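Asks: 3D, please:
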Amino acid sequence: MDGFKAAFKSRHVILPVIHVENIEQATSNALIAFKEGSDGVFLINHRISHKRLFEAAAGVREKFPAFWMGVNCLDLYPKDVFGKISKLNFRIDGVWADNAMINEFAELQFGAGTISRAYLVSGWSGLYFGGVAFKYQRLVTELEEAARIAADFMDVVTTSGPATGEAAEVEKIRRIKSAIPFKPLAVASGITPENIQDYTPFADCFLVATGISKSFFEIDRNRLRQLIKNVR
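Replies: Numbers count the residues shown, from 1 in each chain. From the prediction side, this is the model:
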């Protein structure tokens, strides 16, 4: 957890997720996140290429040189992201992958190992948020075992509810955290100002979009402000 603690000073880390449309929209949403006291932002490319996502990220970095910023490149395999971001001429602080390829039934973790090696070989020094028991992936029933395995392959174990905007069962988050008490755990769907305190005893980090948005592309300043107030 040392890298996570070095990057973030808050007990509970709030990272608004910006669904990037273009540079101007990304920077305007990052400004809201910055002004409201978020710990950073994640940029994600649902409807654009990773190249355009990187262009938007460059714009955000130019406006906010010290603000923590990560990316989720949905059009790239996780193993390919690290090499690309290590060659950029600006800083990316985090990489989030929905599927970290953890198989709790396998003796050897070939998929997760491939991603981990790509991370190490790239020389990139940011935080890797790896999806475990994540939405739209296969069902994981052995949550504790999956979490224990994942802890060796990523910086922040990241899980979610069953679908975008749907909250995870609190018991699921409790079970995962019980298996990795000294590893950061992030929750990446369904978090709102109204329910976030249900998760704070167990989760360390919250990647939030739907619960603080007024549209797919726009953060709601007042919702974000309330979320942060309820956590802090």
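Asks: going by C-alpha atoms from here, please, whenever you check contacts or count neighbours.
Replies: Fine.
Asks: what count of nearby residues applies to residue 104?
Replies: Residue 104 has 19 neighbouring residues, counting by other CA atoms under 10 Å.
Asks: likewise residue 123?
Replies: Residues within reach of residue 123, counting by other CA under 10 Å, total 12.
Asks: show me the contacts for it.
Replies: Residues counted as contacts of residue 123 (CA atoms under 8 Å, 6 or more residues apart in numbering) are residue 86.
Asks: show me where pLDDT drops low in the chain?
Replies: Applying pLDDT under 70 to the chain flags residues 1.
Asks: would you map the strands across it?
Replies: 13-19, 41-44, 69-72, 94-97, 127-131, 156-159, 185-187, 205-208, 213-215, 218-219 (DSSP state E).
Asks: nearest to residue 26, of those?
Replies: Ranking the strands of the chain by their distance to residue 26 (criterion: CA to CA) puts strand 13-19 first, at 6.7 Å.
Asks: now residue 63, nearest residue through space, not along the chain?
Replies: residue 27 (7.4 Å; CA to CA, 6 or more residues apart in numbering).
Asks: number of nearby residues for the residue lying closest to residue 193 once chain neighbours are set aside?
Replies: What sits nearest to residue 193 in space, not counting adjacent residues and going by CA to CA, 6+ apart, is residue 227, at 4.1 Å. Around residue 227 there are 23 other residues, counting by other CA under 10 Å.
Asks: tell me the contacts of residue 227?
Replies: For residue 227, the contacting residues are 192-194, 196, 212, by CA under 8 Å, 6+ apart.
Asks: with the residues you listed in mind, which one is nearest to residue 156?
Replies: For the contacts of residue 227, the nearest to residue 156 is residue 196 (18.6 Å; CA to CA).
Asks: contacting residues around residue 95?
Replies: Residue 95 is in contact with 70-72, 81-82, 126-129, counting by CA under 8 Å, 6+ apart.
Asks: in CSV: these, plus distance to residue 164 and neighbour count.
Replies: Output for the contacts of residue 95, formatted as CSV (distance: CA to CA, whole Å; neighbours: other CA atoms under 10 Å):
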residue, distance to residue 164, neighbour count
70, 19, 23
71, 17, 25
72, 15, 23
81, 22, 23
82, 25, 25
126, 25, 20
127, 23, 19
128, 21, 23
129, 17, 26
